[in-house]
Structure formats: C-alpha cells, structure tokens
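1. generate coordinates for the sequence data below:
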Amino acid sequence: MTITVLSKRIRDALAQAPDGMTARELATALDIEPSQISRSLTLMPDVYIDRWLKSKSKYAAVHCLAFVPEDCPHP
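-> Have a look, this model is predicted:
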C-alpha cells in the first residue's frame, strides 16, 4: 500500500472520529501494522497530536485531523 493511499485512509478514519484516535486505534480500525500508521502520521501535515493518554507504563498520542485552508501559508 502506498503512503498516499494509507494517508487517505487515515484521514477518512480521523474525519469520523472527532475526538481523535491513537496510532494503535487507527491500526486496529484499518487492519494495518502500527509502525506503518506511525510512519504515515509523521508525514501528514494536516494531522496533529491533540493530547496524550496515559496507560499503565507509557503515554499514547491522540491524533486529530486539522482543517488547514488551501491558502494557508507555511510556517
């Protein structure tokens, strides 16, 4: 699966989850390895970490979809 196809699937999943999803939740929902999800998330400029959830021993980032206007200047 190419990065652009995977990115579109991630965007579609996040669009349906207004509270965001962790990489593990995305991997489960899309039936894809968590490492592939994490790699794709780092390359997507329209996805951001909204907050961190604490599990027993570590934290998980909750990713949300940002609605960036087309004419938005780069930082």
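2. kindly list the longest helix within this protein.
-> When secondary structure is assigned using DSSP state H, the longest helix within the chain turns out to be helix 3-15.
3. next secondary structure element downstream of that helix?
-> Per DSSP states H and E, the first helix or strand lying C-terminal to helix 3-15 is strand 21-22.
4. from the contact counts, what lies against that next one?
-> Here strand 21-22 is seen to pack against strand 59-65 when contacts are counted using 3 or more C-beta pairs under 8 Å, 6 or more residues apart in numbering; DSSP states H and E. Quick note: C-beta positions are derived from backbone N, CA and C, even for glycine.
5. need the CA coordinates for the strand it packs on. CSV is fine.
-> Presented in CSV, the C-alpha positions along strand 59-65 are these (Å, rounded to 0.1, in the frame of the first residue of the first chain):
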residue,chain,number,x,y,z
TYR,A,59,1.7,7.6,27.1
ALA,A,60,-0.1,7.3,23.8
ALA,A,61,-0.6,10.3,21.5
VAL,A,62,-4.2,11.1,20.3
HIS,A,63,-4.1,12.3,16.7
CYS,A,64,-6.7,14.6,15.3
LEU,A,65,-7.3,15.9,11.8
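6. and that strand, which strands flank it?
-> According to DSSP bridges, strand 59-65 has the following sheet partners: strand 21-22 (antiparallel), strand 47-54 (antiparallel).
7. list the buried residues in the longest helix of the chain.
-> 6-7, 9-10, 13-14 (16 or more other C-beta atoms under 10 Å).
8. do stretch 29-47 as well
-> 29-30, 32, 36-37, 40-41, 44, 47.
9. now it, how far from the centre of its chain.
-> Its chain's C-alpha centre lies 6 Å from the corresponding centre of stretch 29-47 when counted by C-alpha atoms, centre = their mean, to the nearest Å.
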